[in-house]
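[1] quick one: sequence plus predicted model below, questions after.
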Amino acid sequence: MATRADPIGTQLWSQIERFCAELRRRGLDIAVTEVLDAAQGVAQIDIGSRAELHAALRCTLVKRPHHGPIFDEVFDRLFPSRPAPRAERRADALGGAEPVVPLGEATEPDDFASGELDLAAASDQDLRFLADELVERHGGFDQTARTEKYHVYRVLRAADLAALMAAALRNAVDGDEPIDRRELDRRLETLRRLIVESVRAHMADIAPDDGLAGGRVADPFDIALAEATSAQLDDMRVAIRPLARKLAARLRHRRQSQRRGRLDMRATTRRSLSSGGVPLSPAYRRPKSHKPDVTVLCDVSGSVADMAGFTLTLISALADELSRTRLYAFVDAVDDITDLIAASEFAIEPWQLLQHGKVIGADGHSDYGTVLHNFWERYGRTGLSTRSTVIIVGDARGNYRPDRAEVLAEMASRVRAVYWLNPEPRAQWNTTDSVQSTYATYCAGVYEVRTINQLTHAVEDIL
């Protein structure tokens, strides 16, 4: 390992120059003097420490907060963390203190997602181990390498963060020690970040130059939520209600400026009396404007949870432009959360839905068939009418359980229309346990909504 007195090696200096060139191409303003500052900073650290290298380069090269995510992405590609082989990681874990996660031969990452990992007690090392295992098994790198967001999405879907959260909450209820919500939130975000970092390391091994051709600083509302950083999600939560107000203004203007209706002969004749019977000023019957009655049903499990939170907040903020709004959330149980959303100042976070809503039933895994049946029996039969528009948000993955599509068919026959918003990439629909095409048969429209802009366009189109 290099010492603090060691000069920067030629190979490292070449990599830093390449790193700075890539940052410039991605929109960061980096002068030659700042590159020299970075070199001086790196000369003062232990270059064997990736964390110290990251801190030294970030301190000298990043001047604006919104450039941080771009810096992290390029850094992870050019200076990837190299996870140890699986056997080595297991040996390290077994050689130390008793691990939180059982590490026997039968242990699989899917078991972790089922709740065997005690998230409330897991250390950062446990989370890194879990992230590396999940990426190795579920990243899809045995196939042709695709985009970073594709591999991240596969892993987040397998990780099932909602199940981990549900297990932690159950352990807190059963145990004697209260759970620290902020710490639990931090660990979930740490796991998400470590998964992204591990995916980038694998992609660097497969194709070191692939994926560095991104454009300049992107609109945050065009960022796929499955790969957004914590800071980006926070910015979106603050901005979602102002965005909703702009959308409400557009809907109001559109409703008030509807095209003139049919010619009103009686009123036109009365007007023509002042011009000798010549109809110089025709009168029209303006069509009556109706505010929509909207019911939203959102899956808040796994990697679709963030999109569900933003959808619920957006619809809630449009309440003045809607005649009636009811909001529901589910994992394998369904609950009315209209009041909870209305009380939230910004976009509601997934953990709030899991904690305050009765959305987790038997095992905390998505069950669309059971949820559709329970929703229709408890709320739909009496709460919906032919004026109701139903919007369902979810990936249509029911873990191979009965889809109960006949319930959705009955619902569609009793309401104005049913629309489906799917946060998955369209290419992933109808794969493995997805039954999107089955449900789509009874929907007036199915939309891909992976970004806030896609969500806004879909809601505007529906309303």
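    All right, it came through fine.
[2] send me stretch 368-379 as CSV with only the CA atoms.
    Written as CSV, here are the backbone C-alpha positions of stretch 368-379 (Å, rounded to 0.1, in the frame of the first residue of the first chain):
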residue,chain,number,x,y,z
TYR,A,368,-52.2,-8.3,-7.0
GLY,A,369,-55.0,-10.9,-7.2
THR,A,370,-55.7,-10.7,-3.4
VAL,A,371,-55.4,-7.0,-3.3
LEU,A,372,-57.7,-6.4,-6.3
HIS,A,373,-60.3,-8.7,-4.7
ASN,A,374,-60.1,-7.0,-1.2
PHE,A,375,-60.1,-3.5,-2.7
TRP,A,376,-63.2,-4.2,-4.8
GLU,A,377,-65.1,-5.8,-1.9
ARG,A,378,-64.1,-3.3,0.8
TYR,A,379,-64.0,0.0,-1.2
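[3] now do that stretch, average pLDDT.
    Average pLDDT, stretch 368-379: 95.
[4] all helices for the stretch 1-150 of the chain, in order.
    Assigned by DSSP state H, counting those that start in this stretch, the helices in the stretch 1-150 of the chain fall at 10-25, 32-43, 50-61, 68-78, 86-95, 109-111, 124-138, 148-159.
[5] one more: the stretch 351-463 of the chain?
    Using DSSP H, counting those that start in this stretch, the helices of the stretch 351-463 of the chain run over 368-375, 381-383, 405-414, 436-440, 452-462.
[6] ok, the nearest residue to residue 283 once chain neighbours are set aside to residue 273 distance?
    Beyond its immediate neighbours in the sequence, the residue positioned closest to residue 283 (Cβ to Cβ, 6 or more residues apart in numbering) is residue 267, lying 3.5 Å away. (Each C-beta comes from the backbone N, C-alpha and C, glycine too.) Here the criterion is Cβ to Cβ, to the nearest Å. By it, residue 267 lies 11 Å from residue 273.
[7] which one of those two has more residues nearby?
    When neighbours are counted by other Cβ atoms under 10 Å, residue 267 and residue 273 differ, and residue 267 comes out ahead with 14 against 9.
[8] surely that one is within a helix?
    Yes - counting by DSSP: H, G, I helix; E, B strand; the rest coil, one finds residue 267 located in a helix.
[9] strands of this protein, start to end?
    Along the chain, the stretches classed as strands by DSSP state E are 293-299, 324-330, 334-336, 388-393, 417-422, 445-448.
[10] buried sites along the fifth one?
    Of the residues in strand 417-422, those scored as buried under the neighbour-count criterion (16 or more other Cβ atoms under 10 Å) are 418, 419, 420, 421, 422.
[11] between the residues you listed, which is nearest residue 185?
    Minimum distance to residue 185 across the buried residues of strand 417-422 is 25.2 Å, recorded for residue 421 (Cβ to Cβ).
[12] isn't the closest one up against residue 396?
    No - the pair residue 421 / residue 396 is not scored as a contact, 10.6 Å apart, by Cβ atoms under 8 Å.
[13] so residue 417 sits against residue 387, correct?
    No - under the contact definition of Cβ under 8 Å, residue 417 does not touch residue 387, with a separation of 10.4 Å.
[14] got the contact list for the nearest residue to residue 22 once chain neighbours are set aside?
    Using Cβ to Cβ, 6+ apart and skipping the chain neighbours, the partner closest in space to residue 22 is residue 74 (5.2 Å). Under the criterion of Cβ atoms under 8 Å, 6 or more residues apart in numbering, the contact list for residue 74 reads 19, 22, 23, 26, 212.
[15] got CSV for those residues, with pLDDT, distance to residue 298 and neighbour count too?
    What follows is those, written out as CSV (pLDDT from 0 to 100; distance: Cβ to Cβ, whole Å; neighbours: other Cβ atoms under 10 Å):
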residue, pLDDT, distance to residue 298, neighbour count
19, 87, 40, 21
22, 83, 38, 20
23, 86, 38, 21
26, 76, 34, 19
212, 50, 35, 16
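[16] returning to that earlier point: need the strands of the chain in a markdown table (columns: mean pLDDT and distance to residue 125).
    As requested, the strands of the chain are arranged in a markdown table below (pLDDT from 0 to 100; distance: least, Cβ to Cβ, whole Å):
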| stretch | mean pLDDT | distance to residue 125 |
| --- | --- | --- |
| strand 293-299 | 94 | 32 |
| strand 324-330 | 93 | 33 |
| strand 334-336 | 94 | 36 |
| strand 388-393 | 95 | 35 |
| strand 417-422 | 96 | 36 |
| strand 445-448 | 95 | 37 |
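[17] could these be laid out in CSV, adding distance to residue 14?
    As requested, these are exported to CSV (distance: least, Cβ to Cβ, whole Å):
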stretch, distance to residue 14
strand 293-299, 47
strand 324-330, 51
strand 334-336, 56
strand 388-393, 47
strand 417-422, 44
strand 445-448, 41
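[18] of those strands, which is nearest residue 43?
    For those, proximity to residue 43 was assessed by Cβ to Cβ; strand 445-448 is nearest, at 48.3 Å.
[19] what strands line up against the closest one, and which way round?
    Strand 445-448 pairs in its sheet with strand 417-422 (parallel), by DSSP bridges.
[20] what is the neighbour count of residue 242?
    Here the count is done by other Cβ under 10 Å, and residue 242 has 10 residues near it.
[21] how close does it sit to residue 452?
    According to Cβ to Cβ, residue 242 stands 12 Å off from residue 452.
[22] likewise for residue 398?
    In terms of Cβ to Cβ, residue 398 sits 26 Å off from residue 452.
[23] domain-wise, how is this structure divided?
    For the chain, the structural domains run 10-79, 86-213, 235-257+290-462, 260-288, going by automatic domain parsing.
[24] hang on, the earlier thing: pick the most buried one from the helices of the stretch 351-463 of the chain.
    Across these, the average number of neighbours (mean count of other Cβ atoms under 10 Å) peaks for helix 368-375, which reaches a mean of 23.
[25] any idea of the angle that one forms with strand 388-393?
    Angular relation of helix 368-375 and strand 388-393 on a 0 to 180 degree scale: 150 degrees, by axes from the mean of the first three to the mean of the last three Cα atoms, to 10 degrees.
[26] what does helix 368-375 contact?
    Residues outside helix 368-375 that contact it (Cβ under 8 Å, 6+ apart): 297, 299, 328, 330, 332-334, 361, 394, 396-398, 401-404, 407-408, 411, 435, 439.
[27] work out the gap between that helix and the centre of the chain.
    23 Å (Cα atoms, centre = their mean, to the nearest Å).
[28] could you tell me the angle between it and helix 405-414?
    40 degrees.
[29] next, the angle strand 293-299 makes with helix 368-375.
    Compare the direction of helix 368-375 with that of strand 293-299 by the same axes, to 10 degrees and you get 140 degrees.
[30] next, count neighbours for residue 361.
    For residue 361, the number of neighbouring residues by other Cβ under 10 Å comes to 17.
[31] over to residue 186?
    Residue crowding around residue 186 was assessed by other Cβ under 10 Å; the count is 13.
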